[in-house]
Structure formats: structure tokens, C-alpha cells
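[1] Build me a model:
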Amino acid sequence: MQAAGPGAVASHRTAAALHGLERLGRSSAVEVTVPHRRVVAVQGVGVHRSRGLPDEDVRVVAGVPGTTAERTLIDLAAHLDRDTLTALTDDAVCARAAQRSRLHRRAEILANGRRGVGLLVRLTAPDADAVFRSWLEREGARVFREGGLPSPRW
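    Numbers count the residues shown, from 1 in each chain. Got it, this is the predicted structure:
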């Protein structure tokens, strides 16, 4: 992160890997988020800029400053399809990398104008489906519901 300057933190796919969220696979490029006005050009580093990255969205993981799992999901929401984002959200909550209520609160706050974040708000709402142990359980529940079948015990 030093090469990107003060305030730079691991983010997006790099932060997901730091949090143990392996669904997206490993990326050869390192992704960082820097303060909005900073211009950074480092070979092999994908740079994202943010107008605001409050301390509550930053955590040191394995000695590397990065976005929290909740902020990582919010940042990735615009880059993932619905099924992948849903599965990654379930992975993060089930692995306890992210807290469902905290993710919901941060997604509501940061949703304005961010593509895909509305889905995170719906997935983590207090009245949403119960927390599942896997994306497959969530998909199974959807199939049962759409088929008019009674909900199974999970």
C-alpha cells in the first residue's frame, strides 16, 4: 500500500482475498482504494478512488490495511452479477467475515448512486430470508418458493 501513498488500503478483490472470501478466485492485480483527489499510477495495481473512506470501513488484516468485509462487498457490488454477489454475501456472513446487520447498515448509508448496493440492502434486511449456510440453500429456498412448495427445514 505504501507505493500508492498515505491513506491507500487494499480493496475490492484484494480485500476479499484478505478476508478469506475465495469465491472470486485470485487476481494477479492488486486493487487499492485511495483518497478521491490522489492520482496514482503503479504498474500492476488497480486503483479506485473514494470520496470517503471512514475509519469504520478500514481494518488491518494479516498486517495489511484494507477495507472491512462489509465495505468490500459494497465496493464489489457494481462489478458482480446478482448470483455471484448473493453467493459472496452468504459466504461472508456464514464465515463470519461480515456481520449481516452491519453490512445492511453500511449498504443503506452507501447505496446512493452505487450500482448493485440495493441488492445488498435487500439481502441483509431484517425481514429478508433467514441467514443461510450457503448460496445453495438460498437458491433452494427460492426454487421451493417459486414452485409453491412448503419451505424445508434448513
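
[2] So for this structure, the centremost residue is which one?
    For the chain, the residue nearest the mean C-alpha position is residue 73 (0.9 Å; C-alpha atoms, centre = their mean).

[3] Residue 33 against residue 9, yeah?
    Yes: when contacts are counted by C-beta atoms under 8 Å, residue 33 is listed as touching residue 9 (5.6 Å). C-betas here are computed from N, CA, C, even on glycine.

[4] Identify the contacts common to these two.
    53, 67 (C-beta atoms under 8 Å, 6 or more residues apart in numbering).

[5] How much space separates residue 47 from residue 118?
    Here residue 47 is placed at a distance of 26 Å from residue 118 (C-beta to C-beta, to the nearest Å).

[6] quick one, which of those two is more surrounded?
    More crowded of residue 47 and residue 118, by other C-beta atoms under 10 Å: residue 47, with 17 against 13.

[7] so where do the helices sit in the chain?
    12-18, 69-76, 82-94, 100-110, 117-124, 135-146 (DSSP state H).

[8] Okay, now the unreliable bits of this protein?
    1-4, 129-135 (pLDDT under 70).
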